[in-house]
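S.K.: pasted the sequence and its predicted model underneath.
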Amino acid sequence: MMAVVVWRICRNACQIRARVFAVLLCIICLGSVSAQEQYTAGHDTTNVVMLGDSNTWLGGDSCDRPHGWTKWFAEECYPATCRSYARSGATWTATVRTVRDVDEYTEKLGDNNVIYNQICRLMVAVADGRQAYPHTIIISAGTNDAWFVAARPGALDMDASEVFANDAVGHAADDSVNGEVDTSGSMLTLAGAVRFCCGLLQKTFPDVRIVLLTPLQSTAVSEAGITRAGDIIEECGRCMGLTVIRQDRLGCVARRNEIHRRCMTTDGTHTSVEGARFNGILIAKMLNIK
């Protein structure tokens with residue numbers, strides 16, 4: 001009798017161990033699938049493209065790095081595809097030396113490190129079949145336009161109302177030839193650059209949803225500078241019927257807090273993992289991509 005009891009206990013223990021092993025194996029197998037693979041074949045039908053500066057670039061081209069908001073955005077809304085063309089140091093505003101350049105790679109402020117060239121790279125990738133046709137394009141930039149005023153003089157001088165009242169600037173996207181652009185008449189101000197670049201996107205991808213994210217607060221830029229950049233971007237977006245999210249008002253980065261203690265950023269400007277997670281989930285919920 002005792003032998004039967006012992007046998008039953010041993011059998012049950014073996015069954016329990018087998019079940020535990022099976023569960024652990026499933027967890028390991030699921031864990032081996034990267035976040036990018038999970039949302040690249042997501043349940044949604046929306047192809048999302050990201051353009052922007054360093055806080056978007058931190059998420060990587062595949063939107064899978066935790067210091068970038070794009071990773072948390074993708075995991076929250078689970079789009080069909082999610083790809084970033086962002087570059088650290090990028091600005092909306094161009095210079096008189098800016099030219100179309102789809103080959104240069106830099107992580108620093110430069111004449112050709114502009115949103116316009118990110119759009120050109122996107123256009124080439126779609127034409128070559130390397131990028132799915134975008135349904136939603138999210139652009140998060142403007143910090144460097146307000147920060148590096150010596151490199152982008154006059155970037156914040158013009159309001160949206162002035163740009164849209166000026167036909168030479170307002171219709172710059174329609175006047176471009178083969179994607180080439182006369183920067184002297186289109187992108188030397190933040191307002192002009194937003195108008196031109198978004199007009200080019202609308203012309204190239206007529207049914208695309210464009211979302212503009214204004215800059216987060218930063219300890220490197222005055223509150224007035226960030227607010228001014230945000231106001232210009234918001235006004236341009238409204239004139240063009242675009243979705244605008246004021247990160248300087250809704251985002252988790254508060255300049256007054258980060259000056260005293262880094263929490264949502266690593267250096268006062270670039271998001272920590274916690275800051276990126278907060279912003280990514282917030283943006284996903286606000287856009288409600290389906």
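M.R.: Noted; the coordinates are in hand.
S.K.: beyond the least confident helix or strand in the chain by mean pLDDT, next helix or strand please.
M.R.: Lowest by mean pLDDT, DSSP states H and E among the helices and strands of the chain is helix 35-40, with a mean of 36. Next along the chain after helix 35-40, taking DSSP states H and E as the criterion, comes strand 47-52.
S.K.: now the strands for the stretch 101-250 of the chain?
M.R.: 136-140, 209-213, 243-245 (DSSP state E, counting those that start in this stretch).
S.K.: list the contacts of the shortest one.
M.R.: Counting contacts by Cβ atoms under 8 Å, 6 or more residues apart in numbering, the residues outside strand 243-245 that touch it are 209-214, 233-234, 237-238, 283, 286-287. From N, CA and C alone the C-beta is placed, and that goes for glycine too.
S.K.: let me see the mean pLDDT of that strand.
M.R.: In this model, strand 243-245 has an average pLDDT of 97.
S.K.: repeat for stretch 89-100
M.R.: The model assigns stretch 89-100 a mean pLDDT of 95.
S.K.: got the buried residues for that stretch?
M.R.: Residues Gly89, Ala90, Thr91, Trp92, Thr93, Ala94, Thr95, Thr98 are the ones in stretch 89-100 that count as buried (16 or more other Cβ atoms under 10 Å).
S.K.: all helices for this protein, in order.
M.R.: 2-31, 35-40, 54-57, 69-77, 115-127, 143-147, 160-165, 167-170, 172-175, 190-204, 223-239, 247-250, 255-260, 273-287 (DSSP state H).
S.K.: least confident of the ones you listed, on average?
M.R.: Looking at the helices of the chain, the bottom one is helix 35-40 with a mean of 36.
S.K.: now flag whichever of the buried residues of stretch 89-100 is closest to Met50.
M.R.: Set against Met50, the nearest of the buried residues of stretch 89-100 by Cβ to Cβ is Ala90 (11.6 Å).
S.K.: I'd like to know how far the closest residue to the closest one other than its chain neighbours sits from Arg261.
M.R.: Leaving aside its sequence neighbours, Ala90 sits nearest to Asp53 (Cβ to Cβ, 6 or more residues apart in numbering; 4.5 Å). For Asp53, the distance to Arg261 equals 24 Å [Cβ to Cβ, to the nearest Å].
S.K.: ok, now Leu188?
M.R.: On the measure of Cβ to Cβ, Leu188 and Arg261 end up 38 Å apart.
S.K.: ok so, going back, could the strands of the stretch 101-250 of the chain be laid out in a markdown table, adding mean neighbour count and distance to Pro153?
M.R.: A markdown table is the format used below for the strands of the stretch 101-250 of the chain (neighbours: other Cβ atoms under 10 Å; distance: least, Cβ to Cβ, whole Å):
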| stretch | mean neighbour count | distance to Pro153 |
| --- | --- | --- |
| strand 136-140 | 25 | 23 |
| strand 209-213 | 22 | 23 |
| strand 243-245 | 19 | 25 |
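S.K.: looking at the ones you listed, which is closest to Cys197?
M.R.: Closest among those, using Cβ to Cβ: strand 136-140, at 7.6 Å.
S.K.: now the closest one - C-alpha only, CSV.
M.R.: C-alpha atoms of strand 136-140 as CSV (Å, rounded to 0.1, in the frame of the first residue of the first chain):
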residue,chain,number,x,y,z
THR,A,136,0.5,57.5,-40.9
ILE,A,137,3.6,59.6,-40.8
ILE,A,138,4.6,61.1,-37.4
ILE,A,139,7.1,63.9,-37.4
SER,A,140,8.7,64.9,-34.1
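S.K.: for that strand, give the mean pLDDT please.
M.R.: On average, strand 136-140 scores 98.
S.K.: list the neighbours of it that are in contact with it.
M.R.: Residues contacting strand 136-140 (Cβ under 8 Å, 6+ apart): 46-53, 55-56, 69, 79, 86, 115, 122, 197-198, 201, 205, 208-213, 215, 247, 283, 287, 289.
S.K.: okay but the residue nearest to Ala90 is in contact with Ser84, surely?
M.R.: No: when contacts are counted by Cβ atoms under 8 Å, Asp53 is not listed as touching Ser84 (11.2 Å).
S.K.: on that earlier part again, using a markdown table, lay out the strands of the stretch 101-250 of the chain together with distance to Asn257.
M.R.: Formatted as a markdown table, the strands of the stretch 101-250 of the chain follow (distance: least, Cβ to Cβ, whole Å):
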| stretch | distance to Asn257 |
| --- | --- |
| strand 136-140 | 21 |
| strand 209-213 | 20 |
| strand 243-245 | 20 |
